[in-house]
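A.B. asks: need a 3D model of the following:
(one chain, ligands or ions: 1)
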Amino acid sequence: MITEFNANLERARRRSRLLFWAVLLLSVPCLFIAIRLPLTGTFPADFLLVMVPWAAMFFLSGKRMMNSRCPHCSMPFYWVPGEPGKGNGLARACVHCGFDPRRAATEARS
Ligand SMILES: [Zn+2]
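C.D. replies: Numbers count the residues shown, from 1 in each chain. So this is what the prediction gives:
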């Protein structure tokens, strides 16, 4: 049973994950704006004007999320350095130590 963890690392991991999902959901209104809003009057330029900044935000927020550290072992939470293909951006438990922050929070409350 693992209950000890660094609360600051957990807070940073949660924020980076929330930011990533918020940017991902932002793709829908960005696509709508890119298709509907005639800024320059030419389709590819309007589309790129809106979607390139969104893609940059998506890349940076994804990179930030993937580099967030495990609150228990301080290793990257979602991927294993030096081993491509061993990562999981949707992981709910650390890919190194198996630490599940939600379970630890539940156990800490009870
Ligand atoms: Zn860990």
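
A.B. asks: may I have the phi/psi pair for Phe99?
C.D. replies: phi -70, psi 130 (degrees, to the nearest 10).

A.B. asks: for the residue nearest to it when sequence neighbours are not counted, the count of nearby residues, please.
C.D. replies: Closest residue to Phe99 apart from its sequence neighbours, by CB to CB, 6 or more residues apart in numbering: His72 at 3.8 Å. In this view, the C-beta of every residue, glycine as well, is placed from N, C-alpha and C. Counted by other CB atoms under 10 Å, the residues lying close to His72 total 23.

A.B. asks: pull the longest helix from the protein.
C.D. replies: helix 7-36 (DSSP state H).

A.B. asks: can you name every helix or strand that the next helix or strand after that one contacts?
C.D. replies: Per DSSP states H and E, the first helix or strand lying C-terminal to helix 7-36 is helix 43-66. Counting contacts by 3 or more CB pairs under 8 Å, 6 or more residues apart in numbering; DSSP states H and E, helix 43-66 packs against helix 7-36.

A.B. asks: which secondary structure elements does the helix or strand bottoming out on mean pLDDT in the chain contact?
C.D. replies: Lowest by mean pLDDT, DSSP states H and E among the helices and strands of the chain is helix 101-109, with a mean of 79. On a contact count with 3+ CB pairs under 8 Å, 6+ apart, helix 101-109 meets helix 7-36.

A.B. asks: the least confident helix or strand of the chain to helix 7-36, inter-axis angle?
C.D. replies: Compare the direction of helix 101-109 with that of helix 7-36 by axes from the mean of the first three to the mean of the last three CA atoms, to 10 degrees and you get 140 degrees.
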